[in-house]
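*Asks:* compute the structure for the input listed below.
(one chain, ligands or ions: 1)
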Amino acid sequence: MNELMKLIDKLELQGSLTYEEYVMLLSNNSQELRDYAALKAVSIKEKYYSNKVFVRGLIEFSNYCKNDCYYCGIRNGNHNCDRYRLSQDEIFECCRQGYDFGYRTFVFQSGEDPYYSDERICNIVSSIKSEYPDVAITLSIGEKSIDSYKAFKKAGADRYLLRHETCNEDHYSKLHPQNMSGTNRKQCLNNLKSLGFQVGAGIMVGSPYQTKENIAEDLIFLKELNPHMVGIGPFISHKDTPFADMPNGTLEDTLLLLSLIRIMLPDVLLPSTTALGTINPRGREMGLMAGANVVMPNLSPVKVRQKYSLYDNKICTGEEAAECVDCLKKRVELTGNIIVTDRGDSPRK
Ligand code: SAH
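*Replies:* As a prediction, the model looks like this:
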C-alpha cells in the first residue's frame, strides 16, 4: 500500500487530515487513488444509507439576480440572459407533479431576486407546507439577513443550501465583485445553522484561480462547519461571463473530492450534481459510485429550463419532468442503488 492510500485510511480513522496531507492527496489524483477512496466512501455511504438514494425536486423559480458573480450565467451583468419568474401557481404545479412522482423534498432555487420579498417567499413556503405537510422544503436563494432566515424558518422551510464557494478570502475576491465577501457568506451559514436549518455548503471544483491549497482549506472548513449537506460540482464556463475562456473543472477531481468528503463526514448528504452530469454523460452515475447519495432532478417547467443557465450546455433542459424522472431512476439503478420516496432528512437532525 502506498503513502497516499495510507492517508485515506487515516482520514477514515480520524475523520480529518492536516492541510499538507490534503494538498498531497489532491496533487496526486490518479485512477488508483480514486478507486481506493471510492471503495471506502461507498462502504461508508452504505453503512448509513444502504443502497438508498434520496431525490430532491429542483424548482428554479427565478433567474433574476442582483449579484454579479464572475462565473455565473445568470449574473446581473449578463444582458443576453432571458429573464423569467415563475408565478406561485406555476411553482405549485411543479410541486404537484413532483409529489405525484413520489418526491418528498423540493428545493426552491433562484438568483438573488429582490422581487421575492421575505413575505412572498414565506407565502410560497407556508402554502406548499400546508398542502403537503409531509414534504421538506429547501431554500437556495442566497445571502439574506438573519431576520429573513428566521422568517423563512417560521414559515416552514427546513433546509438551506448556500455554497460557500471558497473559504479563502483572496480566492473569493477573484470570483466575486468587491461588494461581496466570503466572510458574510460564512456568517450566513452560521446564522442558518444556529436557527436550526439543515444546511448545505460547498464549492465549485476547478473554479478559476482555485489551487489545491484552496481546496485543502475548504475541506478543513467543511469539517469544522459540519454541514448536513455538501454540494460540489465542477466549474463549467458560461460564454457570457468574464470567465468564458476559463477551463472547466474535471470529472476526476470532482470524483476524488466526493469520496474524500464522504469519508470525512460519513453521514453527510452528498448530491451527484447536474454539473457533473454535464461534463460527462455518465458523470452522475460515477458520482454515486464515488460516495454520493442524492440526486436533484429538475422539476422546472420546460419553457424556462434553458433560461436558468448557470453554465453552458447544461443537461436536462429539454425533457418533460416525467422523462427526467424515468431517466434518473434508470441511471441510479445502474449503479446498484434505488431511489426512495422519503424526505431524506439528515440522520443527524
Ligand atoms: N443564488 C443562489 C443560488 C446560486 S446557483 C445562491 O447564491 O446560493 C447555485 C450554485 O451554482 C452556486 O452556488 C454555484 O456554486 C453554482 N454555479 C454557478 N455558476 C456555475 C458555473 N459556471 N459552473 C458550475 N457551477 C456554477
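
*Asks:* dump the residue contacts of the most centrally placed residue in the chain.
*Replies:* Nearest to the mean C-alpha position of the chain, counting by C-alpha atoms, centre = their mean, stands Gly231 at 3.0 Å. If you count contacts by C-beta atoms under 8 Å, 6 or more residues apart in numbering, Gly231 has them with 161, 163, 200-202, 271, 273. Where C-beta positions appear, they are placed from N, C-alpha and C, glycine not excepted.

*Asks:* same thing but 10 Å
*Replies:* 140, 161-163, 200-204, 269-271, 273, 275, 294, 296 (C-beta atoms under 10 Å, 6 or more residues apart in numbering).

*Asks:* do the same with Asn168
*Replies:* Neighbours of Asn168 in contact, by C-beta under 10 Å, 6+ apart: 174, 182, 209-211, 213-218, 221.

*Asks:* for the ligand, what are the nearby residues on the stretch 201-349 of the chain?
*Replies:* Within the stretch 201-349 of the chain, the positions adjacent to the ligand are 204, 233, 235-236, 238, 275, 310-311 by C-beta under 6 Å from any ligand atom.

*Asks:* helices - which of those residues land there?
*Replies:* Ala275 (DSSP state H).

*Asks:* neighbour-wise, which one of the residues of the stretch 201-349 of the chain next to the ligand leads?
*Replies:* In terms of neighbour count, Gly233 stands highest of those at 28 neighbours, by other C-beta atoms under 10 Å.

*Asks:* next up, the contacts around it.
*Replies:* So, once contact is read as C-beta under 10 Å, 6+ apart, Gly233 ends up touching 163, 202-206, 249, 254, 257-258, 271-279, 283, 287, 310-311.

*Asks:* ranges for the strands of this structure?
*Replies:* Assigned strands in the chain, in chain order: 52-55, 57-62, 105-110, 136-140, 159-161, 198-201, 204-205, 229-230, 233-234, 294-295, 338-339 (criterion: DSSP state E).

*Asks:* quick one: Gly98 and Gly57 touch, right?
*Replies:* Yes - the criterion here is C-beta atoms under 10 Å, and Gly98 meets it with Gly57 at 3.6 Å.

*Asks:* give me the common contacts of these two.
*Replies:* 104-106, 135, 297, 299, 321, 325.

*Asks:* by pLDDT, give me the weakest of the residues you listed.
*Replies:* In terms of pLDDT, Ala321 ranks lowest among the shared contacts of Gly98 and Gly57, with 83.

*Asks:* neighbours around that one, how many?
*Replies:* 22.

*Asks:* what do you get for Tyr22?
*Replies:* Neighbour number of Tyr22 under other C-beta under 10 Å is 23.

*Asks:* that one and Phe243, how far apart?
*Replies:* Remark: distance between Tyr22 and Phe243 (C-beta to C-beta, to the nearest Å) = 25 Å.

*Asks:* same thing with Arg305?
*Replies:* Distance from Arg305 to Phe243, by C-beta to C-beta: 22 Å.
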